[in-house]
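> I would like the atomic coordinates for the input below:
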Amino acid sequence: MAGRRVDAAAVRAAVAAVADWLRAADAPVPERSVLAAAVRNTARALAADAPGHSVEVRVPPFVAVQCVDGPRHTRGTPPNVVETDPRTWLLLATGLLDFDAAVDSGALSVSGTRATEIAARLPIVPVRPVGGPE
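Numbers count the residues shown, from 1 in each chain. Next comes the predicted model:
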């Protein structure tokens, strides 16, 4: 992620394209390319906001980024990993799901002593829930 700039407008637009689906589980699933753009843009925004290499955030099959300042990981399985599915990631990235609740439910896998540090960087692009305050 080093050296890459993140276009905040592109991140917001990518999230806006999936917002209805995130607010309502019965809404149609976005096209794969639309979903991929939202996942990649939000993960890369996190990496830009928390540069570093001590935590790896994985959202298969779309993206894996390294973030959070600290010791650089170079080989094998990283010591600090956060992994989840695309919907859960986007719910976290938009503030529609609490980090601890995602961990408690098993939807978010967190390993290593530094992995939880990303919770302080969420949400990336806040989205109001249906019926939420204006």
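> How far does stretch 66-77 stretch from one end to the other?
12 Å (C-alpha to C-alpha, to the nearest Å).
> average pLDDT across that stretch?
Stretch 66-77 carries an average pLDDT of 76.
> Give the helix, strand or coil label for Arg128.
coil (DSSP: H, G, I helix; E, B strand; the rest coil).
> hmm, I was thinking of Ser109
strand.
> Report how many residues lie close to the residue nearest to it when sequence neighbours are not counted.
Closest residue to Ser109 apart from its sequence neighbours, by C-beta to C-beta, 6 or more residues apart in numbering: Glu83 at 4.6 Å. The C-beta positions use only the backbone N, C-alpha and C, and glycine is treated the same way. By other C-beta atoms under 10 Å, the residues close to Glu83 number 17.
> Make sure Glu83 is indeed in a strand.
Yes: counting by three-state DSSP, one finds Glu83 located in a strand.
> wait, isn't it in contact with Arg58?
Yes: between Glu83 and Arg58 a contact is recorded at 4.2 Å, counting by C-beta atoms under 8 Å.
> got the residue ranges for the helices in the chain?
Ranges of helices in the chain, per DSSP state H, are 8-16, 19-23, 32-49, 86-94, 99-105.
> Put the alpha carbons of stretch 84-100 into PDB.
The C-alpha coordinates for stretch 84-100 follow below in PDB (Å, rounded to 0.1, in the frame of the first residue of the first chain):
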ATOM      1  CA  THR A  84     -13.700 -12.100   7.400                       C
ATOM      2  CA  ASP A  85     -16.100 -12.400   4.500                       C
ATOM      3  CA  PRO A  86     -17.000  -9.400   2.200                       C
ATOM      4  CA  ARG A  87     -20.400  -8.600   3.800                       C
ATOM      5  CA  THR A  88     -19.000  -8.600   7.400                       C
ATOM      6  CA  TRP A  89     -16.100  -6.500   6.300                       C
ATOM      7  CA  LEU A  90     -18.300  -3.900   4.700                       C
ATOM      8  CA  LEU A  91     -20.600  -3.900   7.700                       C
ATOM      9  CA  LEU A  92     -17.600  -3.200   9.900                       C
ATOM     10  CA  ALA A  93     -16.200  -0.600   7.500                       C
ATOM     11  CA  THR A  94     -19.500   1.300   7.500                       C
ATOM     12  CA  GLY A  95     -20.200   1.100  11.200                       C
ATOM     13  CA  LEU A  96     -23.300  -1.000  10.800                       C
ATOM     14  CA  LEU A  97     -21.600  -3.800  12.800                       C
ATOM     15  CA  ASP A  98     -19.500  -3.500  16.000                       C
ATOM     16  CA  PHE A  99     -16.000  -5.000  15.900                       C
ATOM     17  CA  ASP A 100     -16.500  -6.900  19.200                       C
END
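> No more questions from me, cheers.
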